[in-house]
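A.B. asks: please work out how this folds:
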Amino acid sequence: MTDLPTREALGLALLERRIALQLTQHDLAERAQLSQAIVSRIEQARQACTLEQFSVLAKSVRLTRAELFARVEEARVRLRSPKARLLYLSGRTRVARPHQR
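C.D. replies: Next up, the predicted model:
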């Protein structure tokens, strides 16, 4: 997965799933045995994702590879909208996880 639209779609799909599961990037990184920096760069489309990373990330967010791939394709379609793309690129799609006390 090396072209920018695919990286952006993967980043958005992964971000949305991570938030739905109420995971931080750190939580996801631990589950996937990746660094938090790698998870961040993949979510921000600043790093291409290897097939091995894609597989482990899918498993870490409780999806099959096929399910994650389907979500990537859905995100790619949504990112064709200029408004959705602008929101994603501006980082406004990120949702803060409430602090636990």
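
A.B. asks: quick one: least confident helix or strand in this structure?
C.D. replies: Within the chain, confidence by mean pLDDT, DSSP states H and E is lowest for helix 82-90 among all helices and strands, at a mean of 70.

A.B. asks: which parts of the protein are strands?
C.D. replies: Remark: no strands are assigned in the chain by DSSP state E.

A.B. asks: tell me where it has helices.
C.D. replies: Secondary structure of the chain (DSSP state H): helices at 4-20, 25-32, 36-43, 51-60, 65-78, 82-90.

A.B. asks: spit out the contact partners of the most centrally placed residue in the chain.
C.D. replies: In the chain, the C-alpha nearest the mean C-alpha coordinate belongs to residue 14, at 2.3 Å (Cα atoms, centre = their mean). Contacts for residue 14 (Cβ atoms under 8 Å, 6 or more residues apart in numbering) come out as 28, 39, 42-43, 57, 61, 68. Placement of C-beta: from N, CA and C, glycine included.

A.B. asks: cutoff 10 Å now
C.D. replies: 25, 28, 39, 42-43, 49, 54, 57-58, 60-61, 63, 68, 71-72, 75 (Cβ atoms under 10 Å, 6 or more residues apart in numbering).

A.B. asks: and residue 56, by the same measure?
C.D. replies: 31-34, 49-50.

A.B. asks: at 7 Å instead, please
C.D. replies: Taking Cβ atoms under 7 Å, 6 or more residues apart in numbering, we find residue 56 in contact with 32-33.
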